[in-house]
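1. Curious how this folds, go ahead:
(chains A and B)
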Amino acid sequence: MQREKSVKVKEVITSLCKLLSALSVESIPTAEAFRRAKFNRKDATVDMWSLLRRILQRAFALDCACQDSKDQDNNMQLLFVRSALCHCGYGAPWVVGPRPPSHIEEVGSRDLLLAFSWVLSTGNLLDVLLAENVHQLDSLSSGPTIVRGLIPGQLDVSACGPRADTTVKTDQIISNISSSAVCQPHVTGSNHSNMTSTALDKELERIQALNGILEAYLDWKLHEHLFWCWMDSVIDSSLADASEVKPGDWPPGERAVTVRCPYGDETRRAVRRLDKMLLRLQTELRGRRIEQSTLTLTSQGGRQGASRLSESQRMEVEKKVSGYLEGLRLTNTSAITSRGFLPCLQDPQPTKPPHRFHTGEPGLAVTGGMLQASTALDELREREAVLQWQLERSRQNMRVEMQRQASTMEGMVLIPPIKR
Amino acid sequence: MSLLYAVEEAVKMCKVEESRLTENTRQCKEILRSMKTRVTVTSELESAAAIDTREDIPPEEKQEIDLLEQVLKKALKIRSTSEVHKDLHSDSKHPNESKNKTLVNYTVKEEDKRKLVKSVPPSEMCKKPNHHRRAGGNAGHGAPWTRPVLVRKGPNAHSVFKRRPSLPKSAPMKISSTESQQKMCVKTTNAKESSEDNFPSVPCQEVPASGKDWKITTGSTQSEEQWFDTVSFAASLAGTENKTEPFLSEWPSRSPAAITTDLDLLTQRCLDLTHCFHAELQAQKDSDSGTRAWGRKMEGCGKTEVWTLHEREYESLQMLKGLERMTAELITCADHQKKDWERWDVRISGALCPVRRRGERGDPAHSCLPPILSYSTEAELRELESRRLRVEQLQQAVRLQQAMSDSLASYWSSRPGAGRPSAVVLRGLYSLLAEGGVQFPSLVLDSESD
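-> Model (predicted):
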């Protein structure tokens, strides 16, 4: 049982390595290196370190001028890795501790392995890489009229039918595979006369590459849980060790000065800026409102203007205002379709009952696990109306302001353009 | 007639159910009240009722129970090796929270197998508080009372559960072995308390790492195991971080990535509100001077509504109130983010570089693969695409307009009365800001011919 389990674990790690290399991450360590890292062997450190670094470099980039400095510098690399890990929310002592390591060798291979699996488990790193690759490969095969992310193809809902897993991602992958498989004859059929054989070959290669990646991904997904079980055992061993060894046992005295980023408090400054802005806005608003209400009071000779309005008028006004404010709120969230979508022709008689599928967006009608075009259209129409209104209002204000400015100019008359 | 009867029957059953639930709730409230922080393993935690039901549990459900046991054992071990934390974060970090909610949700599904669960004999429940006090607060006497604790949490958790919609088929709730029961109760009390006020985590003596292997089953239980494993791993890892933490204050609940994206969002919202406010002010100023009829045009309706003075005033008042409300909301959100960030900042103290995600601006919490959209006709798809493009263009135009008007404001203010603005400049600005660069005004020399 033990041996069989360890063989399975090795297979799983190998499939992970295959997936990573399919996603064009370079120089993946072998499954053996992973195993050695579990026992915190020194010889696995370099491998794990380079893996971690490459993965993080694919997913993140530094946002400060530190990136201009020499990349090969070990200290800078360490700083980058620590910053990226902290950004993911990984707060191990060697990342955020008060006494961080100054050399790469001070971090054990097991710690690196744990950090790597943290990055895998949170923030769907693999999906990001996968999406990147898919997008790269697929955008070339999409037709000219459709922009990024769309794949032409008449995909039937029933093609998504047989589901091994119940994750939406896998559904998308399957539909992706089917659509790319369907798309190829579709594309070649329509453009047959225009394409030469080399172009066809290239197309074929691309599709094959895409399929290879997706197969590796599916393979990994099927066995993923074994990996996490194994990682649990890694944690166990790390805990067991940690109870013997005192934490923070890097030699305190003889350490080189660790590199610090001079732009590290960028976020702190951003927080303060936001605070100031909000406070200012709040006081201005309050001041204006008080001013306004006192104005109306005095101008009406003690009676508020609002009291002159009938109930229905008041309701109408309030409804309008809440509409505007809702519009304001709406434009701040990104639309459902902002990141592109996979179109899928709907079955005219959907036979399966709709799943209760929760997405992050409130008020979204999702049936059968898929977004309906009508919902998306409604949302887009709303947004369009709100944005149009905002733009028009802003422009109108500008016109008035400009005309006022122009009127101060003597001897010149501003004639606004004719509205067409 | 029979329909009525059926309805009455249903009402009766519901009443019975309700009374049972309230009884359970009351009982577990009592238990929780008397529970102390120290939990020690006692070997005499056996319950006859629990053992009786062990036999009628089918094998695959046994496996699921074993899995659950493993997960809880692990979690307890992690917690036990960490020092006492002052408080479990009220909105706990993601893996823990989702794990708690999953666990609870898992048990919610098991309500179907009610028949296997014997309701707690009241005598035993009464014994428990006494046990607690006697053993100096030894919580966790294994008993089937774990069931009520979870049931209570049920309705809330179910709606929050997001990720995997299909959960294991219902399995009986009873977990027979004493250890696991104890951990179950510890875990579930943690689950219950973590969302309420601060509850010190329960350190107990270290349970030796079990030699039990993970039972890997294939088939339908596979996805649940994935869930358990990923979540338990992340939770364990999160637990190990805390272990050597010098600061015993709360661990930040979200990653810096999430915090920075939220900050950006809030900043943008604040800017939008500011613009709206200034536009409102401007419009009021204009209307006060009475230069034009007040109109608000909405795309699509095309009619300009002329408002009376009072309506206008009322409207602007309402707008200001609404804006103030939204600003207040923003301020509370910003405070949350600030607190979260400060928890990180205390540990980093500005030594690390700011990092951003490569590629498109994707929310790490959501899937970054594009959603599947189902359409019914090609015309619909075309319309969707064209509208999407239009919305993005409009969005860009609005942001440009905001940025330009901001810089224009600074331009005007920087030359307060330094002579009249140049005609060319004015013309260009008018075109850019007031007409979207499409049309140009004409500036005509007004010279009187003598």
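2. Nearest to chain A: which residue in chain B?
-> Nearest to chain A, among the residues of chain B, is B:Ser255, at 2.7 Å (C-beta to the nearest C-beta). (Glycine included, C-beta is placed from N, CA and C.)
3. so what's that residue closest to, chain neighbours aside?
-> Counting by C-beta to C-beta, 6 or more residues apart in numbering or on different chains, A:Gly89 is the residue found nearest to B:Ser255 once chain neighbours are left out, at 2.7 Å.
4. The one you found touches B:Arg254, doesn't it?
-> Yes - the criterion here is C-beta atoms under 8 Å, and A:Gly89 meets it with B:Arg254 at 7.0 Å.
5. Between these two, which has more neighbouring residues?
-> A:Gly89 (26 against 20; other C-beta atoms under 10 Å in any protein chain shown).
6. what sits against that one?
-> A:122, B:93, B:252, B:254-258 (C-beta atoms under 8 Å, 6 or more residues apart in numbering or on different chains).
7. Check the gap between it and A:Leu274 for me.
-> Applying C-beta to C-beta, to the nearest Å, the value for A:Gly89 to A:Leu274 is 21 Å.
8. same check, this time on A:Thr296
-> Distance of A:Thr296 to A:Leu274, computed by C-beta to C-beta: 33 Å.
9. Equivalent analysis for A:Leu222, please.
-> 45 Å.
10. Of the two, give the one with the bigger neighbour count.
-> Neighbour comparison, A:Leu222 and A:Leu274: the larger count goes to A:Leu274, with 22 against 17 (by other C-beta under 10 Å).
11. Surely the more buried one is in a helix?
-> Yes - A:Leu274: assigned to a helix according to DSSP: H, G, I helix; E, B strand; the rest coil.
12. From what I see, it and B:Leu266 are in contact.
-> Yes - under the criterion of C-beta under 8 Å, A:Leu274 is in contact with B:Leu266, at a separation of 6.0 Å.
13. For these two, list the residues in contact with both.
-> B:Ala334.
14. what secondary structure does A:Asn40 sit in?
-> coil.
15. Without its sequence neighbours, what residue ends up closest to A:Leu414?
-> In space, A:Leu414 is closest to A:Ala406, 3.7 Å off (C-beta to C-beta, 6+ apart).
16. which parts of the one helix or strand that neighbour maps to are buried?
-> For A:Ala406, the enclosing helix or strand under DSSP states H and E is helix A:373-408. Residues of helix A:373-408 classed as buried: A:373, A:375-377, A:379-391, A:393-403, A:405-406 (neighbour count, 16 or more other C-beta atoms under 10 Å in any protein chain shown).
17. Stretch A:7-26 too?
-> A:9-10, A:12-20, A:22-23, A:25.
18. Narrow these to those in helices?
-> Judged by DSSP state H, the buried residues of stretch A:7-26 include A:9-10, A:12-20, A:22 as members of helices.
19. okay, the residues you listed in CSV with pLDDT and distance to chain B next?
-> Listed next are these as CSV, based on pLDDT from 0 to 100; distance: C-beta to the nearest C-beta, whole Å:
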residue, pLDDT, distance to chain B
A:Val9, 84, 10
A:Lys10, 86, 14
A:Val12, 88, 10
A:Ile13, 88, 15
A:Thr14, 89, 17
A:Ser15, 89, 14
A:Leu16, 88, 14
A:Cys17, 88, 19
A:Lys18, 88, 19
A:Leu19, 87, 15
A:Leu20, 86, 16
A:Ala22, 85, 16
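20. Now the element after the helix or strand harbouring B:Arg390, going C-ward?
-> Using DSSP H and E, B:Arg390 falls within helix B:378-414. The helix or strand immediately downstream of helix B:378-414 is helix B:423-429, counting by DSSP H and E.
21. Identify each buried residue in that next one, please.
-> In helix B:423-429, counting by 16+ other C-beta under 10 Å, buried: B:426-427, B:429.
22. Name the next helix or strand downstream of that helix, please.
-> As assigned by DSSP H and E, the chain's next helix or strand after helix B:423-429 is helix B:435.
23. Give me the residues contacting that next one.
-> Against helix B:435 from outside (C-beta under 8 Å, 6+ apart): A:395, A:417, B:441.
24. quick one: which of those is nearest A:Arg260?
-> Of all these, A:Arg260 sits closest to A:Arg395, with 47.6 Å by C-beta to C-beta.
25. quick one: contacts for that closest one?
-> The contact partners of A:Arg395, taken as C-beta under 8 Å, 6+ apart, are B:401, B:433-436.
26. Need the max-distance pair from these.
-> Maximum pairwise distance among the contacts of A:Arg395 (C-beta to C-beta): 11.3 Å, between B:Gln401 and B:Glu435.
27. So for these two, which residue has more residues nearby?
-> B:Gln401 (21 against 17).
28. quick one: the more buried one from A:Gln136, how far?
-> Separation of B:Gln401 from A:Gln136 (C-beta to C-beta): 34 Å.
29. Could you pull up phi and psi at the closest residue to chain B within chain A?
-> Here the residue of chain A nearest chain B is A:Gly89; by C-beta to the nearest C-beta that distance is 2.7 Å. A:Gly89 adopts backbone torsions of phi 100, psi 10, taken as degrees, to the nearest 10.
30. got the residue ranges for the helices in the stretch 151-300 of chain A?
-> Counting by DSSP state H, counting those that start in this stretch, residue ranges of the helices within the stretch 151-300 of chain A are A:168-190, A:197-244, A:266-299.
31. Which of these sits closest to A:Leu114?
-> A:Leu114 sits nearest to helix A:197-244 of all the helices of the stretch 151-300 of chain A, at 6.6 Å, using C-beta to C-beta.
32. How about that closest one and chain B, touching?
-> Yes - residues of helix A:197-244 contacting chain B under C-beta under 8 Å from any C-beta of the partner chain: A:222, A:224-226, A:228-229, A:231-232, A:235-236, A:238-240, A:242-243.
33. Selecting buried members of those residues in ChimeraX, what would you type?
-> For the buried members of the residues of helix A:197-244 next to chain B, the matching ChimeraX selection, counting by 16+ other C-beta under 10 Å, is:
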select /A:222,224,225,226,228,229,231,232,235,236,238,239
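34. ok, back up a step: helix or strand next in line after the helix holding A:Ala406, which one?
-> Next helix or strand after helix A:373-408 toward the C-terminus (DSSP H and E): strand A:412-415.
35. I'd like the average pLDDT over that next one.
-> For strand A:412-415, the mean pLDDT works out to 79.
36. I'd like the buried residues of helix B:423-429 laid out as JSON lines, including pLDDT.
-> JSON lines is the format used below for the buried residues of helix B:423-429 (pLDDT from 0 to 100):
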{"residue": "B:Leu426", "pLDDT": "79"}
{"residue": "B:Arg427", "pLDDT": "82"}
{"residue": "B:Leu429", "pLDDT": "81"}
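37. of the residues you listed, list those near chain A.
-> Among the buried residues of helix B:423-429, the residues that sit close to chain A (C-beta under 8 Å from any C-beta) are B:426, B:429.
38. Between the buried residues of helix B:423-429, which sits nearest B:Asp66?
-> Nearest to B:Asp66 among those is B:Leu429, at 73.5 Å by C-beta to C-beta.
39. measure that closest one to A:Glu26 for me?
-> Counting by C-beta to C-beta, the gap from B:Leu429 to A:Glu26 is 52 Å.
40. same question, A:Leu371
-> 36 Å.
41. what's the pLDDT at B:Tyr334?
-> Quick fix: residue B:334 is Ala, not Tyr. 91.
42. what about chain B, any weak spots by pLDDT?
-> Where chain B drops to pLDDT under 70, the residues are B:1, B:36-57, B:79-250, B:289-308, B:350, B:359-370, B:415-421, B:447-450.
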